[in-house]
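Q: coordinates only, no sequence provided:
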Ligand code: SF4
C-alpha cells in the first residue's frame with residue numbers, strides 16, 4: 001500500500017516558494033517519485049519540477065527562480081499515469097494568457113470515460129494523468145461561465161477522490177471531493193493563508209491550523225480574503241480510514257483527530273481483542289510504533305525496540321541483482337539480538353498486504369533470537385483493492401482475499417496471528433459512519449467505471465489503452 005500525493009499551497013507571502021518547499025519536505029512521506037512547485041507574482045507563473053525527493057529536485061537557484069507571493073506544490077506517488085517527468089505535478093497550462101496550475105491528491109474513477117469524450121471533441125492531452133481531465137473541462141467551460149463557475153461545473157463532472165489545489169494569477173483554490181476521501185486542511189501564518197494535506201506541514205513553518213476543507217467544499221483565497229463555495233452535496237462522506245492506520249504522519253491531525261492518538265487506541269483495542277502471553281511488545285518501525293505502544297500499555301507487557309530501521313532507503317531501492325533484491329527487508333530492518341534473545345514477542349504492524357514482507361520480518365526476529373513471534377495487526381484483513389488514490393496490488397495478490405487467518409498464520413510462520421476487527425477499528429475514530437472501509441469489506445461508496453478497473457488490474461496507463 002503506497003501513499004498517493006502531498007499538497008501544499010500558500011497565498012500572500014513574499015517567500016511563498018521557500019515555504020512551499022518546506023511544506024513539501026514535511027509531506028515527503030506522501031509521495032517520493034517527484035516534486036514540483038508553481039508560483040505566481042500576479043502576472044506570470046513560474047515552475048520547477050523534477051523526479052525524486054524534494055531536496056534532490058530543488059536547490060537554491062531553483063527556489064530563487066520561483067518568484068511571487070503565491071505558490072502551490074506537490075509530492076507525487078503515481079496511482080494512474082506512468083512515473084515520468086511529463087506526469088509530475090503541479091500541472092501548468094497557459095490559458096487565455098494566464099497560467100493555471102493544478103495539484104491533485106486522489107484518483108478519478110471516471111477519468112478514462114471523460115478523457116475519451118474530450119479527445120473525441122478535439123482536446124489534445126499532454127500527459128497520462130487522470131488530473132489532466134480537470135484542466136480540459138475547466139478550459140472548455142471557462143469561456144462561457146468564467147473561471148470560478150467553470151471549475152465548479154468541471155468538478156461536478158468528475159467522480160472519485162480528489163483533494164485539489166489550483167493556482168491562477170491572483171488566487172489559490174482548494175477543493176475536496178464530496179466524499180472527502182483525502183485530507184486537506186487550512187492554516188494561517190501571520191496574514192497568509194495556507195493549504196496542506198496534513199497539519200505536520202504547518203508545524204514546520206510555525207503556521208496555525210484553522211480547519212479542514214469540508215468534503216464537497218471549494219475554498220477560494222485571494223486579496224479579498226477567504227470564501228467558501230459548495231460543490232455537489234455529498235450523499236455519504238467516506239474518508240479514507242487508512243490515513244489513520246498508516247498513511248498520515250503520527251504528528252498530524254487528520255479528519256479532525258490526532259493520528260498518533262487514533263493509532264494508540266487501535267493498539268489498545270487490538271490487545272483487548274487478541275490478548276497474548278508474551279515478554280515484550282515490539283513495533284514494525286515506523287508505522288507500527290503508536291499501535292504497539294497502545295498494545296503494550298493496555299496489556300501491561302513491556303514495550304521494546306526489537307528492530308531498527310535503515311532510514312536511508314527510499315522507494316528508489318531498485319537493485320539489478322536478484323540476490324540483493326531478496327535482501328531488501330534485511331537491508332531495511334535489522335533485529336536487535338540483545339533485546340530479542342529468548343523472548344516471547346508480540347510484533348505489531350499496521351497491515352498485511354501480500355504477506356511476503358511480513359514473513360521475512362518474522363524470520364528476522366527468529367534469527368535474532370525470539371523464542372515465539374505473535375503477530376498482531378492494527379487493521380482488519382485487506383481483501384479488496386483501492387480505487388480512490390491508494391496504490392494497492394490487484395485483488396488476487398492480496399493474501400487475505402484467498403486465505404483464512406489460520407492459513408495466513410501458517411504461511412507467515414507466526415506462532416499466532418490476530419487482526420483488529422472492523423468494528424474495533426471503527427470504535428477508535430470519531431464519526432465512524434464517515435469512513436471508507438472498502439479495502440476490508442468491498443463496500444465501495446462509488447461505482448467504479450470498468451475501464452478504471454481495467455487500468456488498475458493491468459497497471460496499464462491511458463496512453464497504452
Ligand atoms: S478502499 Fe481502503 S485505502 Fe482506499 S479509500 Fe477506502 S479505506 Fe482508503
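A: In hand now; what should we look at? On a predicted model such as this, the values are computed, not experimentally measured, just so you know.
Q: number of residues surrounding residue 291?
A: For residue 291, the tally of surrounding residues (other CB atoms under 10 Å) stands at 35. (Glycine included, C-beta is placed from N, CA and C.)
Q: thought it was touching residue 260?
A: No - applying CB atoms under 8 Å, one finds residue 291 not in contact with residue 260, separated by 9.9 Å.
Q: quick one: the residue in the stretch 51-200 of the chain that the ligand sits nearest to from residue 108, how far?
A: Closest residue of the stretch 51-200 of the chain to the ligand, CB to the nearest ligand atom: residue 181 (5.3 Å). To residue 108, residue 181 is 11 Å away according to CB to CB, to the nearest Å.
Q: so what sits against both of these two?
A: 160, 161, 162 (CB atoms under 8 Å, 6 or more residues apart in numbering).
Q: does the longest strand along the chain come close to the ligand?
A: Ranked by residue count, the top strand of the chain under DSSP state E comes out as strand 98-108. No - residues of strand 98-108 contacting the ligand under CB under 6 Å from any ligand atom: none, with a closest distance of 8.9 Å.
Q: about what we covered before: for the residue of the stretch 51-200 of the chain closest to the ligand, which non-adjacent residue is spatially closest?
A: Leaving out its chain neighbours, the residue that sits closest to residue 181 by CB to CB, 6 or more residues apart in numbering is residue 161, at 3.6 Å.
Q: what packs against the longest strand of the chain?
A: Here strand 98-108 touches strand 5-11, strand 34-40, strand 45-51, strand 70-76, strand 91-95, helix 132-145, strand 160-167, going by 3 or more CB pairs under 8 Å, 6 or more residues apart in numbering; DSSP states H and E.
Q: tell me the most buried of those?
A: The highest average neighbour count among these, using mean count of other CB atoms under 10 Å, belongs to strand 70-76 at a mean of 31.
Q: just checking the distance from that one to the centre of its chain.
A: 15 Å (CA atoms, centre = their mean, to the nearest Å).
Q: gap between the residue nearest to residue 367 when sequence neighbours are not counted and residue 372?
A: What sits nearest to residue 367 in space, not counting adjacent residues and going by CB to CB, 6+ apart, is residue 335, at 6.7 Å. Distance, residue 335 to residue 372, using CB to CB: 14 Å.
Q: now residue 445
A: For residue 445 relative to residue 372 (CB to CB), the value is 41 Å.
Q: beta partners for the residue nearest to residue 181?
A: Beta bridges link residue 161 to residue 107, judged by DSSP bridges.
Q: same check, this time on the one 5 residues further on
A: Per DSSP bridges, the residues bridged to residue 166 are residue 102, residue 173.
Q: residue 194 should be in a strand, yeah?
A: Yes - assessed with DSSP: H, G, I helix; E, B strand; the rest coil, residue 194 lies in a strand.
Q: wait, does stretch 414-433 contact the ligand?
A: No - applying CB under 6 Å from any ligand atom, one finds stretch 414-433 separated from the ligand by no less than 10.1 Å.
Q: residues making contact with that stretch?
A: The contact list for stretch 414-433 (CB under 8 Å, 6+ apart) reads 241, 244-245, 255-257, 262, 265-266, 269-270, 272-274, 276, 347, 362, 372-381, 405-406, 408-409, 435, 437, 440-441.
Q: over to stretch 256-270?
A: With CB under 8 Å, 6+ apart as the test, stretch 256-270 has contacts from 212, 243-245, 248-253, 290-298, 348, 350, 376-379, 418, 420, 424-425, 427-430.
Q: distance from the longest strand of the chain to the middle of the chain?
A: Chain-centre distance of strand 98-108: 16 Å, with CA atoms, centre = their mean.
Q: now the element after that strand, going C-ward?
A: Downstream of strand 98-108, the next assigned helix or strand under DSSP states H and E is helix 111-120.
Q: so how far is the ligand from the residue of the chain positioned farthest from its centre?
A: For the chain, the largest distance from the centre (CA atoms, centre = their mean) belongs to residue 342, which lies 38.2 Å off. Computed as CB to the nearest ligand atom, to the nearest Å, the residue 342 to the ligand distance reads 39 Å.
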